[in-house]
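Asks: the amino acid sequence is not available; the structure is as follows:
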Ligand SMILES: [Cu+2]
């Protein structure tokens, strides 16, 4: 084997190890949830905010030109929220500011991410994928406040 081939194998193995370590570090040390694709089910095409227990919500979001349905989501402080995201028409983006939530809304697919909202406040949701003439107005918000 050529000495340059050996160097290339060692270098690419080191880069691969660094990438793998970065993924594990973000997943376990920083507790950043990696969005997951889950099997498509027509039940997800109905938007909903479900409170499953005291501090846990399931939110079914449908992105469509040019809004998120539901556009306003209210959760209790300290809640863990599972977002199930799909699109009714074209590909949209779904980014919740000041969180690690950043994923795509794809027609015919369901993406899921889990996030915990500890601080009171309003978190804007923006579409970060150009989706047509009204893209710049495509926003929503998560309001973290006591719900009862
Ligand atoms: Cu858009």
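Replies: Received it, and whenever you're ready, just let me know what you need. Computed from a predicted model, the values in this text were never measured in an experiment.

Asks: and the next element down the chain from the helix or strand bottoming out on mean pLDDT in the chain?
Replies: In the chain, no helix or strand scores lower on mean pLDDT, DSSP states H and E than strand 36-38, which sits at a mean of 81. Remark: after strand 36-38, the chain's next helix or strand is strand 48-53, criterion DSSP states H and E.

Asks: give me the contact list for that following strand.
Replies: 57-60, 70, 73-74, 147 (CB atoms under 8 Å, 6 or more residues apart in numbering). Bear in mind the C-beta positions are built from the backbone N, C-alpha and C, glycine included.

Asks: cool, and stretch 64-79?
Replies: Counting by CB under 8 Å, 6+ apart, residues outside stretch 64-79 touching it are 47-49, 55-57, 59, 61-63, 81, 87-90, 92, 94, 116-120, 125, 127, 131-135, 137-147.

Asks: PyMOL command for the buried members of these?
Replies: The PyMOL selection below is limited to those of these classed as buried (16 or more other CB atoms under 10 Å):
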select buried, resi 47+56+57+59+61+62+63+81+87+90+92+94+117+125+127+131+135+138+140+141+142+144
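
Asks: still on that earlier bit, can you point out the buried residues in the least confident helix or strand of the chain?
Replies: Buried-residue list, strand 36-38, by 16+ other CB under 10 Å: empty.

Asks: ok, it: who's next to it in the sheet?
Replies: According to DSSP bridges, strand 36-38 has the following sheet partners: strand 110-117 (antiparallel).

Asks: for the partner strand, what is the average pLDDT?
Replies: Here strand 110-117 scores 92 as its mean pLDDT.

Asks: distance from it to the middle of the chain?
Replies: 5 Å (CA atoms, centre = their mean, to the nearest Å).

Asks: what lies in contact with it?
Replies: 33-41, 44, 75, 77-86, 94, 96, 99-101, 103-105, 123, 142, 144.

Asks: that older thread, tell me the least confident of the contacts of strand 48-53?
Replies: residue 147 (82).

Asks: list the contacts of that residue.
Replies: 51, 74-76.

Asks: would you mind naming what in the chain lies close to the ion?
Replies: Residues of the chain that fall close to the ion, judged by CB under 5 Å from the ion: 127, 131, 135, 138.

Asks: domains of this protein?
Replies: 1-32, 36-144 (automatic domain parsing).

Asks: that'll do, ta.
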